[in-house]
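> Mind folding the following:
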Amino acid sequence: MKFAIKVVNREKLSYDDDVLLLDEISILRELEHDHIIHLFEVFKEQKYYFLVTELLEGGELFDRIVLKEAYNEKEARNVCKVLFEALAYCHQKHIAHRDLKPENLILMV
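Here you go, the predicted model:
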C-alpha cells in the first residue's frame with residue numbers, strides 16, 4: 001500500500017497556526033468517508049509534524065478544470081454529487097469545512 005506524507009515545519013507555524021493544525025488533525029481522525037482523505041497517523045517531532053494519509057494521485061480539481069477546454073454538465077454533476085455527499089457527512093457530525101474551493105479538492109485519479 002502506498003501512502004502520502006505531509007511534512008509541516010513546526011518552526012514556521014505561529015501559535016495560532018499550530019492550534020488550527022491540531023484541530024484539523026483531530027477532526028480528520030473522526031472522519032471515515034469514501035470521499036474524505038483518510039488520515040492514518042500523525043508523528044510529532046521537535047521540528048516537524050508528519051501526517052500520513054492515503055495517497056491521492058489525481059491532483060487538484062482546479063488543475064483538472066484549467067487543463068480542460070470545456071467542463072461539461074455531466075462532469076460538473078459528478079463532482080458536485082461527490083462533494084455534497086462528503087459535506088452532508090461532515091454536517092451530520094457538526095463539522096463545517098469553511099474553505100471549499102477547487103484547489104482544496106484532491107482527486108483520486
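> List the buried residues for the longest helix belonging to the chain?
Longest helix in the chain, counting residues (DSSP state H): helix 73-92. By 16 or more other C-beta atoms under 10 Å, the buried positions in helix 73-92 come out as 79, 86-87, 89-90. Where C-beta positions appear, they are placed from N, C-alpha and C, glycine not excepted.
> Out of those, which is nearest to Lys44?
Ranked by distance to Lys44 (C-beta to C-beta), the buried residues of helix 73-92 are led by Cys90 at 25.0 Å.
> contacting residues around the closest residue to His35 other than its chain neighbours?
Distances taken as C-beta to C-beta, 6 or more residues apart in numbering place Ala86 nearest to His35, at 4.1 Å, with adjacent residues excluded. Applying C-beta atoms under 8 Å, 6 or more residues apart in numbering to Ala86 gives the contacts 33, 35-36.
> rerun that using 10 Å as the cut-off
Ala86 makes contact with 31, 33-37, 97, 100, 105, according to C-beta atoms under 10 Å, 6 or more residues apart in numbering.
> Could you dump those into CSV and include distance to Ile5 and pLDDT?
As requested, the contacts of Ala86 are arranged in CSV below (distance: C-beta to C-beta, whole Å; pLDDT from 0 to 100):
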residue, distance to Ile5, pLDDT
Leu31, 19, 97
His33, 21, 97
Asp34, 22, 96
His35, 21, 96
Ile36, 18, 97
Ile37, 13, 97
His97, 23, 93
Leu100, 24, 94
Leu105, 20, 95
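> Can you pick out the most distant pair from those residues?
Farthest pair in the contacts of Ala86 (C-beta to C-beta) is Asp34 and Leu100. Separation: 17.9 Å.
> what does stretch 15-25 rub up against?
Outside stretch 15-25, the residues within contact range by C-beta under 10 Å, 6+ apart are 8, 10, 13-14, 39, 42, 44, 49, 51.
> If we use 8 Å, what do you get?
By C-beta under 8 Å, 6+ apart, stretch 15-25 touches 8, 10, 13, 39, 42, 49, 51.
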